[in-house]
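S.K.: sequence below, structure please.
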Amino acid sequence: MAVTRRPIARAAAVATAVALGTAALALPAVAADAPSDAASGTPRAAAEQKAPSAFTITDGTLDWGLKESFRKYVTGMAHGKITAGGGAKQAPDNGVFTFTGGKGTYELADHALKAAFKGDVRFVSTQHTFDIKIADVKVHTKGKTGAIQADVTLNGAKQNDIDLATLDLSEVRPGQGAGGAMTFKDIPTALTAKGAKAFNGMYQEGQVLDPATLTVKTGGPAPQPTPTKPTSKPTKPTSKPKPTPTKPTTKPTSKPSSGTGKVVGGKLSWGLKESFRRYISTGGSVQTAGGAKKISSGYAFPHSKASWNAGAKKIDASFGGSVRFLYQGHGIDMKFSDFKIKARGKTGTLTVDVKAQGRTSNDVKFATLDLSRASYKAKNDVVQLSKVPTRLTAAGAKQFESEAGGAPYKKGEKFDPLTVALTLSAGANIPAPAGGAGDVADSGPGSDGAAAGGGSVGGGGSVGGGGSVGGSVGDDGSLAATGSSTPSGALLGAAGAVVVAGAGVVYAARRRHDVQPGRHA
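M.R.: Numbers count the residues shown, from 1 in each chain. Next up is the predicted model:
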């Protein structure tokens, strides 16, 4: 990068702003205190030659939570414990981790930052038989990219200096922190291929993880960026353009209806919660019945009966079919049926019958509906409440409670958006859903009636050495013994190693029984 100099009697400090991503990591480059004009007889390049090519990072922190849904899984369904030590600490309410004491270097030649941080974090669950420790955390960047590196120990087997997550600095802008520190807030992170292997392949490469915040201090003051001034003033328009009204060339084929009418068909599209479906796909299965079908965004339930009044902004609709989630190895058997929608203006309720572990709860007010952007009007004989945000109620959260106590989901938890479509005539066609929230692509495992996640769980690249980790899924849903010296149930116990499957706060209605050695409860 060019160094700016001014011809004065004694050389001033030369400040070099170095790009980190598209932003600037302000690090000082101090020139020599030597004359720089021609009269002095000393070449101006002398100061430049003495400018350092690398700078010392004297302190820093890395705030990173790995993955929020994984933290909730550990303390929720897995009934485990998270501990931070050695200089690391965790924010209250199962928050993110802060790794402290960052020290390292920044090199001008290729804009490379290397910093190591103090602290370690450990995730332990006796019930799901895993013990994971992340330590010796480092950050390295170069230009717009970088990675978070760490040592990962799984059930006693250690791998050193694994790139767990990539860093994308292309859209990150620097901020000013305490004591002149530079802060790069909310850097997007994603799981690497090595990270996926370290976590026994339960998560896929590219899975989005929690954003990270990097704060560093250098050995010298960080210069403030100089704002640039516009080279010319914007010109004022000499006259105001007059809009020319345009007339439609064709008449609309149909007018939206705003009255009431007889509902003859329709469907409810809903996926419950994507992370829950992904969790089931790690070793369970999903069954649909009664006309319910699997779709890209979850499941479609057929219309049973409905009433609609656009003027009053009112809909009451019932839907048939059922969806059943099974994960025998974890004692999960949960069935949802008899779906009812009650919509009133900007709010609504989803009511459902829930059968879990042999107990049945009818007409559970399961989720609230945010209808603030919904239209009750019909178009082409179709009334559609599209992608309505849903949140779990207290009664809904109760359905996930385990015998050991507590529910992994809490009141107000975001669940998948739902779409209600009602047809007013036999020939009306329900529009195909557009991409976006709730329109999730099929993931393969967990399709109707088929076991999800069966077969070998481990793989040669998993932590702990050769052979598969945890073996294959047995007839009872638990992991069969393999004879390998590596403990079965490796990283997250084939149970829901949800660092990347995104399961996070997953279903906790587990039956109480003894955990056999080498098997997952």
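S.K.: is the closest residue to Asp163 other than its chain neighbours in a helix, a strand, or coil?
M.R.: Spatial nearest neighbour of Asp163, excluding adjacent residues (C-beta to C-beta, 6 or more residues apart in numbering): Ala147 at 4.3 Å. C-beta: built from backbone N, CA, C; applies to glycine. The three-state label given to Ala147 by DSSP: H, G, I helix; E, B strand; the rest coil is strand.
S.K.: for the closest residue to Gly146 other than its chain neighbours, which residues make a bridge with it?
M.R.: Spatial nearest neighbour of Gly146, chain neighbours left out: Leu167 (3.8 Å); criterion: C-beta to C-beta, 6+ apart. Counting by DSSP bridges, Leu167 is bridged to Gly146, Thr189.
S.K.: number of nearby residues for Leu167?
M.R.: When neighbours are defined as other C-beta atoms under 10 Å, Leu167 has 23 of them.
S.K.: so for it, what's the pLDDT?
M.R.: With respect to pLDDT, Leu167 has a value of 94.
S.K.: measure it to Pro174 for me?
M.R.: According to C-beta to C-beta, to the nearest Å, Leu167 and Pro174 sit 14 Å apart.
S.K.: can you map out the helices along the stretch 1-150 of the chain?
M.R.: 45-50, 68-75 (DSSP state H, counting those that start in this stretch).
S.K.: out of those helices, which gets the lowest mean score?
M.R.: Least confidently modelled of those is helix 45-50, at a mean of 48 by mean pLDDT.
S.K.: now do the contacts for His303.
M.R.: By C-beta atoms under 8 Å, 6 or more residues apart in numbering, the contact list for His303 reads 263, 265-268, 317-320, 422-423.
S.K.: which residues does the residue nearest to it when sequence neighbours are not counted bridge with?
M.R.: Nearest residue to His303, sequence neighbours excluded (C-beta to C-beta, 6+ apart): Gly266, at 3.8 Å. Judged by DSSP bridges, the bridge partners of Gly266 are Leu422.
S.K.: please report how far Gly266 lies from Gly348.
M.R.: Counting by C-beta to C-beta, the gap from Gly266 to Gly348 is 15 Å.
S.K.: on that earlier part again, so the residue nearest to Asp163 sits right up against His140, yeah?
M.R.: Yes: between Ala147 and His140 there is a contact under C-beta atoms under 8 Å: 6.0 Å.
S.K.: where are the low-confidence patches of the protein?
M.R.: 1-52, 200-203, 220-261, 402-406, 433-521 (pLDDT under 70).
S.K.: show me what Trp270 is bridged to.
M.R.: Tyr299.
S.K.: my error: substitute Ser337 in the last question.
M.R.: Ser322, Asp353.
S.K.: which residues does it contact?
M.R.: 290, 321-323, 352-353, 355.
S.K.: that older thread, can you tell me how far the residue nearest to Asp163 is from Glu68?
M.R.: As for Ala147, its distance to Glu68 is 20 Å (criterion: C-beta to C-beta).
S.K.: and those two? Which one has more around it.
M.R.: Neighbours per residue, other C-beta under 10 Å: of Ala147 and Glu68, the larger number sits with Ala147, 20 against 16.
S.K.: tally up the residues packed near Thr390, please.
M.R.: 25.
S.K.: ok, the one 3 residues further on next?
M.R.: Under the neighbour criterion other C-beta under 10 Å, Thr393 is assigned a count of 20.
S.K.: quick check: Gly396 is in a helix.
M.R.: Yes: under three-state DSSP, Gly396 sits within a helix.
S.K.: the nearest residue to it once chain neighbours are set aside: which element?
M.R.: Nearest residue to Gly396, sequence neighbours excluded (C-beta to C-beta, 6+ apart): Phe366, at 4.0 Å. Take DSSP states H and E as the rule and Phe366 turns out to sit in strand 359-370.
S.K.: helices or strands up against that strand?
M.R.: strand 332-344, strand 347-356, strand 382-392, helix 394-398 (3 or more C-beta pairs under 8 Å, 6 or more residues apart in numbering; DSSP states H and E).
S.K.: out of the ones you listed, nearest to Gly104?
M.R.: strand 382-392 (43.0 Å; C-beta to C-beta).
S.K.: then the closest one to CSV, C-alphas only?
M.R.: What follows is strand 382-392, C-alpha atoms only, in CSV (Å, rounded to 0.1, in the frame of the first residue of the first chain):
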residue,chain,number,x,y,z
VAL,A,382,-58.6,-18.7,-3.7
VAL,A,383,-58.1,-17.3,-0.2
GLN,A,384,-54.5,-17.6,0.9
LEU,A,385,-52.8,-16.7,4.1
SER,A,386,-49.2,-17.1,3.0
LYS,A,387,-46.2,-17.9,5.1
VAL,A,388,-47.7,-16.7,8.3
PRO,A,389,-45.1,-16.5,11.2
THR,A,390,-45.8,-18.8,14.1
ARG,A,391,-44.7,-18.9,17.7
LEU,A,392,-45.0,-21.6,20.3
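S.K.: pairing partners for that strand, with directions?
M.R.: strand 359-370 (antiparallel), strand 378-379 (antiparallel), strand 414-423 (antiparallel).
S.K.: list the buried residues of that strand.
M.R.: 382-390, 392 (16 or more other C-beta atoms under 10 Å).
S.K.: going by distance to Gly284, which of those residues wins?
M.R.: Leu392 (20.8 Å).
S.K.: for Pro417, see how far away that closest one is.
M.R.: For Leu392 relative to Pro417 (C-beta to C-beta), the value is 13 Å.
S.K.: mind checking how far the residue nearest to Gly146 is from Lys144?
M.R.: Leu167 sits 9 Å away from Lys144, going by C-beta to C-beta.
S.K.: and Ala428, by the same measure?
M.R.: Ala428 sits at a distance of 50 Å from Lys144 (criterion: C-beta to C-beta).
S.K.: ok, Ser307 next?
M.R.: 56 Å.
S.K.: between the two, which one's more packed in?
M.R.: Between Ser307 and Lys144, Lys144 has the larger neighbour count (other C-beta under 10 Å), namely 17 against 13.
S.K.: was I right about the more buried one contacting Leu169?
M.R.: Yes: contact criterion C-beta under 8 Å: Lys144 and Leu169 qualify, at 5.0 Å.
S.K.: and Asp316, that's in a helix?
M.R.: No: using three-state DSSP, the assignment for Asp316 is strand, not a helix.
S.K.: so who does Thr83 touch?
M.R.: Contacts of Thr83 (C-beta under 8 Å, 6+ apart): 121-122, 124.
S.K.: rerun that using 7 Å as the cut-off
M.R.: Counting by C-beta atoms under 7 Å, 6 or more residues apart in numbering, Thr83 touches Arg122.
S.K.: distance of it from Phe123?
M.R.: For Thr83, the distance to Phe123 - C-beta to C-beta - is 9 Å.
S.K.: cool, and Thr98?
M.R.: 17 Å.
S.K.: same drill for the two, tell me which one is more crowded.
M.R.: Phe123 (24 against 20).
S.K.: wait, doesn't the more buried one sit right on Ile132?
M.R.: Yes: judged on C-beta atoms under 7 Å, Phe123 makes contact with Ile132 at a distance of 4.5 Å.
S.K.: how about Gly180, phi and psi?
M.R.: phi 80, psi 10 (degrees, to the nearest 10).
S.K.: so which of the helices and strands packed on strand 359-370 is nearest Ile162?
M.R.: Closest to Ile162 of the helices and strands packed on strand 359-370 is strand 332-344 (C-beta to C-beta; 31.5 Å).
S.K.: which of the residues in the closest one are buried?
M.R.: Applying a neighbour-count criterion of 16+ other C-beta under 10 Å, one finds 332-341, 343 buried in strand 332-344.
S.K.: can you check stretch 128-146 too?
M.R.: Per 16+ other C-beta under 10 Å, stretch 128-146 contains these buried residues: 128-141, 144, 146.
S.K.: most widely separated two among those?
M.R.: Thr129 and Lys144 (40.4 Å).
S.K.: quick one on the thing from earlier: mind putting the helices and strands packed on strand 359-370 into a markdown table with distance to Thr183?
M.R.: Putting those into a markdown table (distance: least, C-beta to C-beta, whole Å) gives the following:
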| stretch | distance to Thr183 |
| --- | --- |
| strand 332-344 | 43 |
| strand 347-356 | 40 |
| strand 382-392 | 32 |
| helix 394-398 | 36 |
